[in-house]
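**Q** have a look at this prediction, sequence included:
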Amino acid sequence: MLPEIPEYRKDFSAFTNKRTRVFHRYECQRRNEDFLEYKSAKEARDAGGKPCKHCKPRDMTIAQERIKK
């Protein structure tokens, strides 16, 4: 079972599988229980991770883009 985290972290963080170094959004079904949490997709990419082709995490979430406008 995946650990529960605060809602705001689900929107802004990227979650990297420790073995594959592919990073995901919190709700991605391809993310497993063995993960590292990064503050952003950029931070995960800088650490050598690759974005998931299924959930396509990006540097800004839709919520962040709306706030910025």
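**A** That came through fine. It should be emphasised that the depicted structure is a prediction, and the values quoted were computed from it without experimental measurement.
**Q** for the rest of this, base every contact and every neighbour count on C-alpha atoms.
**A** OK.
**Q** can you read off the pLDDT for the spatially most central residue of the chain?
**A** Residue closest to the average C-alpha location in the chain (C-alpha atoms, centre = their mean): residue 14, at 1.9 Å. pLDDT for residue 14: 90.
**Q** my guess is residue 10 contacts residue 25, does it?
**A** Yes. Between residue 10 and residue 25 there is a contact under C-alpha atoms under 8 Å: 7.4 Å.
**Q** out of these two, which sits in the busier spot?
**A** residue 25 (25 against 16; other C-alpha atoms under 10 Å).
**Q** how far away is the more buried one from residue 5?
**A** Going from residue 25 to residue 5 by C-alpha to C-alpha, to the nearest Å gives 13 Å.
**Q** quick one: the strands in this structure, in order.
**A** Using DSSP state E, the strands of the chain run over 14-17, 22-24, 35-38, 50-51.
**Q** show me what the second one is packed up against.
**A** Contact analysis of strand 22-24 by 3 or more C-alpha pairs under 8 Å, 6 or more residues apart in numbering; DSSP states H and E lists strand 14-17, strand 50-51 as its packing neighbours.
**Q** need the residues that contact the shortest one.
**A** Looking back up the chat, that one is strand 50-51. Strand 50-51 is touched from outside by 21, 22, 23, 24, 41, 44, 45, 57, 58, with contacts defined as C-alpha atoms under 8 Å, 6 or more residues apart in numbering.
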